[in-house]
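Enquirer: Turn this into a structure:
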Amino acid sequence: MAECGIILAGGFATRLRPLSYTKPKPLFPVLGRPVIDWVIERVAEVAEPVVSARYLSYVIRNHVGARWGGRVRVVEEDRPLGDGGAVVNVVRSLGLRGPLIVANGDVFTDLSVRGLWEFHKKSGGAVTIALVEVPQEEVGRFGIAVVDDGGRIRRFVEKPREPVGSNLANAGFYVFEPEAVAEFPDVNAGEVKIAKHIIPRLMEKFDVYGYVHRGLWFDIGTHSDYLRANFAALDKCGCAKELPGVKIIPPVYIGEGASVGAGSVLGPYVVVGSGSRLGPGVRVRESVLMDGVVAEAGAYVARSIVGEGVVLGRWTRVVEAVVADGVYVRDEVYIGRGASVGPNREVEQDVRDGEILP
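Expert: Sure, this is the predicted structure:
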């Protein structure tokens, strides 16, 4: 077993704004469950989970305490350290000396951390990086590894601008032996990135191996990525629920305590968060509604993300848009394609396509 599983949950999630103004990315729900809970569950297969938090750290601490109690500790960064610096901060804060699992807390995946750990011990290297195949056109978004037949990483290029002969991307899960952790820069070195600064340094001194995961894996870094993660989870979960007077077009997930009025149509690819209340005649398709959303009679939502506690008035239309937490949209208002509405505000007039209300 690893001594500790460090879950990195400190990023600002700027590409997920305005949703991330009030909700840190690790708490974005997939099938109604915060993504960090999925990660904690997997890391706990082989190590005691510890969460490293910074942005909205009190929100993360409150959630972890309520959901996991004393089984999961939270260590807060006092300044931006980068993911590499965050690892060093946890190691020093807790006096860790053994091998570590390190995992990004904002990745939705069915990767087996136990499988990663067993592969690492068998390979005998100082470092193992989980890898996942990505489409060739997306290679420039990730760190890309070139791996030999024995699984050893021969080359690692962060966000390559030209082809490197591989589409195996860094999946954000690592195993580090103590001798590798000892090579991490000091926390006073400024922001240190694992993929950019540390992995190339470690490859000069140690054998670094790649563990290829071929299942679900989504970095929920953008609105479209977040929707895709939920849709993939819907495909896998086989969610099926019948409600009297409601037409369900699978796959659809309906959270605990949610209610849907007669004559409504949900699906395909719809997530309705816990405690939400959808009135009669509501139509939702290819969308995620977070917890506590109210959609009054005749509301229409398509290919959109609707934040926690949002109220959509009668006959509102939300099409390919993002509405952040706590928004009240008045009756018959249209929120158009590519538009976004910031948190905790009232929307009384139509929001044009592409318009941003901070």
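
Enquirer: which residues of the protein score low on pLDDT?
Expert: 189 (pLDDT under 70).

Enquirer: quick one, helices of it?
Expert: With DSSP state H applied, the chain shows helices at 35-43, 57-68, 82-94, 113-123, 178-181, 199-203, 223-237, listed in chain order.

Enquirer: ok, and what's touching the third one?
Expert: The contact list for helix 82-94 (C-beta atoms under 8 Å, 6 or more residues apart in numbering) reads 4, 6, 8, 10, 50, 52, 54, 73, 75, 77, 81, 96, 100, 102, 104, 176, 181, 184-187, 189-194, 197-198. Every C-beta, even on glycine, is put in place using the N, C-alpha and C of the backbone.

Enquirer: could you flag which of those are buried?
Expert: With burial judged by 16 or more other C-beta atoms under 10 Å, the buried subset of the contacts of helix 82-94 is 4, 6, 8, 10, 50, 52, 54, 73, 75, 77, 81, 96, 100, 102, 104, 176, 181, 184, 187, 192, 194, 197-198.

Enquirer: Test my guess that residue 241 contacts residue 251.
Expert: No. Residue 241 sits out of contact with residue 251 when judged by C-beta atoms under 8 Å, with a separation of 10.2 Å.

Enquirer: Between those two, which has more neighbouring residues?
Expert: Each of residue 241 and residue 251 has its neighbours counted (other C-beta atoms under 10 Å); residue 251 has more, 21 against 14.

Enquirer: Neighbours of the nearest residue to that one once chain neighbours are set aside, how many?
Expert: Sequence neighbours aside, residue 234 is the residue nearest to residue 251 in space, at 3.9 Å (criterion: C-beta to C-beta, 6 or more residues apart in numbering). Neighbourhood size, residue 234 [other C-beta under 10 Å]: 22.

Enquirer: Just to check, residue 234 is in contact with residue 271?
Expert: Yes. Counting by C-beta under 8 Å, residue 234 does reach residue 271; the two are 7.0 Å apart.

Enquirer: Just checking: what are the partner strands of the lengthiest strand in the chain?
Expert: Ranked by residue count and defined by DSSP state E, the top strand of the chain is strand 168-176. Sheet pairing of strand 168-176 (DSSP bridges) gives strand 100-104 (antiparallel), strand 127-133 (antiparallel), strand 143-147 (antiparallel).

Enquirer: Pull out the buried residues from the longest one.
Expert: This points to strand 127-133. 127, 128, 129, 130, 131, 132.

Enquirer: Just give me the closest of those residues to residue 257.
Expert: Residue 257 lies nearest to residue 132 out of those, by C-beta to C-beta, at 34.9 Å.

Enquirer: who's in contact with the closest one?
Expert: So residue 132 contacts 109, 111, 168, 169, 171, 212, 213, 214, 217 (C-beta under 8 Å, 6+ apart).

Enquirer: again with residue 183
Expert: Counting by C-beta under 8 Å, 6+ apart, residue 183 makes contact with 198, 201, 202, 205.

Enquirer: Tell me the one among these nearest to residue 310.
Expert: residue 198 (40.3 Å).

Enquirer: just checking, that closest one touches residue 184?
Expert: Yes. Checked against C-beta under 8 Å, the pair residue 198 and residue 184 is within contact range at 6.0 Å.

Enquirer: Mind listing the shared neighbours of these two?
Expert: When contacts are counted by C-beta under 8 Å, 6+ apart, residue 198 and residue 184 have 84, 192 as shared neighbours.

Enquirer: can you pull the buried residues of stretch 118-129?
Expert: 119, 120, 123, 125, 126, 127, 128, 129.

Enquirer: and the fifth one, how far is that from residue 175?
Expert: If I follow you right, that is residue 126. Distance, residue 126 to residue 175, using C-beta to C-beta, to the nearest Å: 9 Å.

Enquirer: Near residue 62, how many other residues are there?
Expert: Residue 62 has 13 neighbouring residues, counting by other C-beta under 10 Å.

Enquirer: swap in residue 250?
Expert: Neighbours of residue 250 (other C-beta under 10 Å): 16.

Enquirer: what does residue 179 give?
Expert: Neighbour count for residue 179, taken as other C-beta under 10 Å: 13.

Enquirer: Distance of it relative to residue 252?
Expert: 50 Å.

Enquirer: in stretch 344-358, what's buried?
Expert: Those would be 345, 347, 351, for stretch 344-358 by 16+ other C-beta under 10 Å.

Enquirer: Put together TSV for the residues you listed, with distance to residue 221 on each row.
Expert: Below are those laid out as TSV (distance: C-beta to C-beta, whole Å):
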residue	distance to residue 221
345	25
347	26
351	24
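
Enquirer: so what's residue 56 up against?
Expert: Per C-beta under 8 Å, 6+ apart, neighbours of residue 56: 22, 23, 24.

Enquirer: Of those residues, keep whichever come out buried.
Expert: Listed as buried from the contacts of residue 56 are 22, 23, 24; burial here means 16+ other C-beta under 10 Å.

Enquirer: Let me have the residues you listed in TSV, adding distance to residue 327 as columns.
Expert: Putting the buried ones among the contacts of residue 56 into TSV (distance: C-beta to C-beta, whole Å) gives the following:
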residue	distance to residue 327
22	11
23	13
24	19
